[in-house]
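A.B. asks: requesting a structural model of the entry that follows:
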Amino acid sequence: MGFLIRLLVNALALYLVSRTYAGVSFAPGADVGSILIAALVLGIVNALIRPVLLLLSLPVNLLTLGLFTLVVNGIVLWLVASVTALNVAGFGAAIVGAIILAIISWILDAGVSALGLDGGQR
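C.D. replies: The predicted structure follows:
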């Protein structure tokens, strides 16, 4: 149940980012299925590729006091856009979109936790 809720939260966050920031959008004619697939791919990339990227960029991340994580998050969003119906205007737009996505996901996660829909997971 937690996986399904997390998938729906990611899908809603991606949709809200595409509606609030012009640099990130979905392909014309993209339906709910396309948004769910993009959210699923985002979850897979976050689980498998992002930790490797963070480990490889650890020296740079230490030098920038963690700010390079924003670049890694932009790379993750850019990768998701390259294999799904998500469109990103460029690498700078991917970084800004990743920041907005993180903020929206944080707010949605807080709402899900406040409603108790996460099954008590914190």
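
A.B. asks: please, which helix or strand holds the residue nearest to Leu8 when sequence neighbours are not counted?
C.D. replies: Closest residue in space to Leu8, ignoring its immediate chain neighbours: Ala39 at 7.7 Å, by C-beta to C-beta, 6 or more residues apart in numbering. All C-beta spots, glycine's among them, are computed from the backbone N, C-alpha and C. Per DSSP states H and E, Ala39 falls inside helix 32-48.

A.B. asks: buried stuff in that helix?
C.D. replies: Residues 34-43, 45 are the ones in helix 32-48 that count as buried (16 or more other C-beta atoms under 10 Å).

A.B. asks: which of these sits closest to Ala13?
C.D. replies: Nearest to Ala13, judged by C-beta to C-beta, of the buried residues of helix 32-48 is Ala39 at 7.9 Å.

A.B. asks: go ahead and confirm the closest one touches Ser18.
C.D. replies: No. Using C-beta atoms under 8 Å, Ala39 is not in contact with Ser18; the gap is 11.7 Å.

A.B. asks: now do the helix or strand Ile95 falls within and helix 32-48, the angle between them.
C.D. replies: Per DSSP H and E, Ile95 falls inside helix 91-115. Between helix 91-115 and helix 32-48, the angle comes out at 90 degrees (axes from the mean of the first three to the mean of the last three C-alpha atoms, to 10 degrees).

A.B. asks: quick check on Phe26: phi, psi?
C.D. replies: Dihedral angles of Phe26 (phi, psi; degrees, to the nearest 10) stand at phi -100, psi 150.

A.B. asks: any idea how far Gly66 is from the residue nearest to Leu8?
C.D. replies: Applying C-beta to C-beta, to the nearest Å, the value for Ala39 to Gly66 is 26 Å.
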